[in-house]
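A.B. asks: With the sequence up front, the predicted model follows.
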Amino acid sequence: MKKKLVTGTALFAAALAAAEAGGSAYMYRRTMKRGKAKTERTMKMAGTDWNQYMPLIEARKEAMLAQPHEDVYKRSGDGLQLHATYFPRDKKEKMVICFHGYTSQGMSDYIGLSDYYMKRGYSMLLVDERAHGQSEGEYIGFGCLDRIDACAWIDWAISECGEDVQILLHGISMGAATVLMASGLSLPGQVKGIVSDCAFTSPKHVFTHVLHSMYHMPAFPMIQITDYMNRKNAGYGLDECNAAREVRKAKVPILLIHGDADTFVPCKMCDEIEQNCASKTQKLIIKGAAHAESYYKDMEAYERALDEFLGGAIK
């Protein structure tokens, strides 16, 4: 009887472990692999109602696409062909390099903001992050790998516009994590400031939040299994690069923006980043804004914050 009990317990533990491993592998594919991570699922999880803004977005998209623009390609350090869409202005004195959110692409997330930047004479480089849009890559970089790609795009901007160009990095969601993680690197002097809109601290922390708040599941051992799989497949750990740690080395001013109704990336991550930042920061919290909604929720406050920030960072 005792032998049967031990055998049954061992079989149950083995079955449970297999179920955990299988569940983790399934979640990993849905989250980290190109083609498996779906834009529709991300939008549903984020909970932002974009329908109310579609008339404005469509009008600005039409105006944006009427401007001269071209495709640009750059090779990453690990051999991927990366893509961006370039909107040059007559004077190549100022450029904003834009990084989009998870499962999005460069031409999607900056339609609204194109009106702001183009009217102020900024050339715009709308990057497709690796494994998104027209950029190559099988595994999503979650900012950890994309921050290195960002440096390649900065180099491209300098070669295109000259040594005197003033560069701003602007990121939304995963793109915001990208630019904050890049702040800890040795950036060239042409980079004058960083704008972060609803950044997460690290993939590990945002995955843990989603598992708890949306799936009502414990993070252990799924996060540990996923971390192992990602190190093996994509080459980085889920907390190997953390925006809240990287900004401790930041030297350029940073504008932090977040919506206080963001349930996808909680606003407390913005507070943690601010508390750790070594460089000068400004912070804007938009009341009632869900994930990545801040610009549309209160355009006046968002643009006023940009005006103030850019006035101190870019000549």
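C.D. replies: Cool, the structure landed.
A.B. asks: give me every residue that touches the spatially closest residue to V210 that is not a sequence neighbour.
C.D. replies: What sits nearest to V210 in space, not counting adjacent residues and going by CB to CB, 6 or more residues apart in numbering, is M45, at 7.0 Å. Using the backbone N, CA and C atoms, a C-beta is placed for each residue, glycine as well. Applying CB atoms under 8 Å, 6 or more residues apart in numbering, we find M45 in contact with V210, M214, F264.
A.B. asks: By neighbour count, which of those residues wins?
C.D. replies: Counting neighbours by other CB atoms under 10 Å, the top entry in the contacts of M45 is F264, with 24 neighbours.
A.B. asks: ok, that one - contacts?
C.D. replies: For F264, the contacting residues are M45, A46, G47, V206, V210, A290, H291, by CB under 8 Å, 6+ apart.
A.B. asks: Now E163. Its backbone dihedrals?
C.D. replies: Main-chain torsions, E163, degrees, to the nearest 10: phi -60, psi -20.
A.B. asks: so what's it closest to, chain neighbours aside?
C.D. replies: Ranked by CB to CB, 6+ apart and with sequence neighbours excluded, the top spatial neighbour of E163 is Q190, at 7.3 Å.
A.B. asks: List the residues that contact the one you found.
C.D. replies: Counting by CB under 8 Å, 6+ apart, Q190 makes contact with I154, A157, I158, E163, V165, Q166, I167.
A.B. asks: After the helix or strand hosting the residue nearest to V210, which helix or strand is next?
C.D. replies: Per DSSP states H and E: M45 is located in helix 39-46. Counting by DSSP H and E, the next helix or strand C-terminal to helix 39-46 is helix 54-65.
A.B. asks: Relative to E62, which of the contacts of M45 is nearest.
C.D. replies: If you rank the contacts of M45 by distance to E62 using CB to CB, F264 comes first, at 28.8 Å.
A.B. asks: Let me know the pLDDT of that closest one.
C.D. replies: Per-residue confidence at F264 stands at 96 (pLDDT).
A.B. asks: Just read off the phi/psi values of it.
C.D. replies: According to degrees, to the nearest 10, F264 has phi -80, psi -50.
A.B. asks: Pull the distance from the helix holding M45 to the chain's centre.
C.D. replies: 15 Å (CA atoms, centre = their mean, to the nearest Å).
A.B. asks: Give me the buried stretch members for that helix, please.
C.D. replies: T42, M43, M45, A46 (16 or more other CB atoms under 10 Å).
A.B. asks: Tell me which two in those are the farthest apart.
C.D. replies: Taking CB to CB, the two most distant members of these are M43 and M45; they sit 7.4 Å apart.
A.B. asks: ok, which stretches of the stretch 201-315 of the chain are helices?
C.D. replies: For the stretch 201-315 of the chain, the helices defined by DSSP state H, counting those that start in this stretch cover 203-213, 222-233, 243-246, 268-276, 294-297, 299-313.
A.B. asks: what pLDDT, on average, does the third one get?
C.D. replies: In this model, helix 243-246 carries a mean pLDDT of 98.
A.B. asks: In which helix or strand does G171 reside?
C.D. replies: Going by DSSP H and E, G171 is in strand 166-172.
A.B. asks: and the helix or strand just after that strand, what other elements does it pack with?
C.D. replies: For strand 166-172, the succeeding helix or strand toward the C-terminus, using DSSP H and E, is helix 174-182. Here helix 174-182 touches strand 94-99, helix 146-161, strand 166-172, strand 191-197, helix 243-246, going by 3 or more CB pairs under 8 Å, 6 or more residues apart in numbering; DSSP states H and E.
A.B. asks: To A63, which of these lies closest?
C.D. replies: Of all these, strand 94-99 sits nearest to A63, with 16.7 Å by CB to CB.
A.B. asks: circling back to that earlier point, state the distance from the residue nearest to V210 to G162.
C.D. replies: 42 Å (CB to CB, to the nearest Å).
A.B. asks: And for Y228?
C.D. replies: Applying CB to CB, the value for Y228 to G162 is 45 Å.
A.B. asks: R231 reaches G237, doesn't it?
C.D. replies: Yes. Between R231 and G237 there is a contact under CB atoms under 8 Å: 5.3 Å.
A.B. asks: Which one's more surrounded, the two?
C.D. replies: Neighbours were counted for R231 and for G237 using other CB under 10 Å; G237 has more, 16 against 13.
A.B. asks: can you pull the contacts of the more buried one?
C.D. replies: Applying CB under 8 Å, 6+ apart to G237 gives the contacts K204, D227, N230, R231.
A.B. asks: Check S104 too.
C.D. replies: With contacts defined as CB under 8 Å, 6+ apart, the neighbours of S104 are T39, T42, H132, S173.
A.B. asks: and the gap between the third one and E40?
C.D. replies: Using CB to CB, H132 is found at 15 Å from E40.
A.B. asks: What of the last one?
C.D. replies: Separation of S173 from E40 (CB to CB) stands at 16 Å.
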